[in-house]
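> Sequence isn't available, so here's the structure alone:
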């Protein structure tokens with residue numbers, strides 16, 4: 001069943017309201033919730049079936065709906081496709097989301113898997129465009145992958161270095177979560193825990209409510225209060 005972007009946006013709004021109510025019941029006032037949403041999509045060979053069956057397109061639409069739910073004022077999502085390299089970011093929004101993935105993939109070859117170039121590219125993009133300056137909304141990176149990666153030690157260090165940025169890295173493991181992703185979620189040496197992880201065999205089987213709950217829960221209920229307490233997020 002195809003779900004419209006408008007309906008997905010309503011579902012995202014509902015998930016945010018549900019989270020706010022849950023935290024208020026615990027005595028936690030999260031205040032105004034804003035975020036800039038960034039999407040990273042694995043374009044390695046093992047992802048081929050997920051591109052063909054529209055799972056990746058569905059993920060793009062869900063991320064866009066989250067942005068349009070009131071979190072992000074411009075409704076544009078920077079999307080980074082990667083394999084063992086990273087491609088220049090592409091903007092997805094209400095005007096171009098239909099068929100976005102099919103248009104982008106046409107004529108491109110898949111590769112191996114290395115998170116490092118993509119993580120570095122995202123950090124550089126955010127810094128260059130002033131998205132990590134004080135007063136800016138925090139950034140939620142939804143990082144989608146289905147496999148293990150090269151350069152594990154360098155990736156770990158990159159995310160340790162990034163732990164003082166107003167950026168939360170929400171990893172989504174498709175099919176399974178490599179042990180390395182689980183390590184990133186629990187590793188020490190950081191200013192604060194800036195990595196979340198959930199895994200799902202087939203994201204299309206998740207309802208929007210389940211998907212958004214997994215995507216935003218740790219970002220808003222744990223990371224954001226800690227980042228505000230440390231002065232990393234000032235908005």
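On my side now, so go ahead. All figures in this text were calculated on a predicted structure; none of them were measured in a lab.
> Return the list of helices and strands in contact with the lengthiest helix in the chain.
In the chain, with assignment by DSSP state H, the single longest helix is helix 5-25. Packed against helix 5-25 by the contact rule (3 or more CB pairs under 8 Å, 6 or more residues apart in numbering; DSSP states H and E) you find helix 55-66, helix 208-218. For the C-beta atoms, the positions are set from N, CA and C on the backbone; glycine is no exception.
> residue contacts, the spatially most central residue of the chain?
Nearest to the geometric centre of the chain sits residue 142, at 1.0 Å (CA atoms, centre = their mean). Going by CB atoms under 8 Å, 6 or more residues apart in numbering, residue 142 touches 37-40, 59, 63, 170, 172, 215.
> Name the SS class of it, please.
strand (DSSP: H, G, I helix; E, B strand; the rest coil).
> Tell me, please, where in this structure the pLDDT is lower than the cut-off.
Along the chain, segments meeting pLDDT under 70 span 1.
> what about the helices in it?
With helices called from DSSP H, the chain shows them at 5-25, 48-52, 55-66, 100-105, 115-128, 152-161, 179-186, 208-218, 224-229.
> deepest of those helices, which one?
Mean neighbour count (mean count of other CB atoms under 10 Å) peaks for helix 55-66 among those, with a mean of 23.
> to the chain's geometric centre, what's the distance from that helix?
11 Å (CA atoms, centre = their mean, to the nearest Å).
> residue contacts, residue 152?
residue 180.
> okay, the angle between the longest helix of the chain and helix 55-66?
With axes from the mean of the first three to the mean of the last three CA atoms, to 10 degrees applied, the angle from helix 5-25 to helix 55-66 works out at 60 degrees.
> contacts for helix 5-25?
The contact list for helix 5-25, computed with CB under 8 Å, 6+ apart, reads 29-30, 33, 61-62, 64-66, 68-71, 94, 97, 207-209, 212-213, 216-217, 220-221.
> Recalculate using a threshold of 6 Å.
Contacts with helix 5-25, where a contact means CB atoms under 6 Å, 6 or more residues apart in numbering, come from 30, 65-66, 68-69, 208-209, 212-213, 220-221.
> Then stretch 187-202?
So stretch 187-202 is in contact with 160, 163-164, 168-171, 173, 175-177, 181, 184-185, 214, 218, 226, going by CB under 6 Å, 6+ apart.
> The longest helix of the chain relative to helix 208-218, how many degrees between them?
50 degrees.
> for helix 5-25, the distance to its chain's centre please.
The answer for helix 5-25 is 17 Å, by CA atoms, centre = their mean.
> now do stretch 61-70
Counting by CA atoms, centre = their mean, stretch 61-70 is centred 11 Å from the centre of its parent chain.
> Check stretch 144-161 too.
Distance of stretch 144-161 from the chain centroid (CA atoms, centre = their mean) equals 15 Å.
> Quick check: end-to-end length of that stretch?
Distance across stretch 144-161, first residue to last, is 21 Å (CA to CA, to the nearest Å).
> same thing with stretch 98-115?
End to end - CA to CA - stretch 98-115 spans 27 Å.
> what does stretch 38-54 give?
19 Å.
> What of stretch 148-157?
For stretch 148-157, the first-to-last residue distance is 17 Å (CA to CA).
> and of the helices of the chain, who's closest to residue 90?
Closest approach to residue 90 among those is made by helix 100-105 (6.2 Å; CB to CB).
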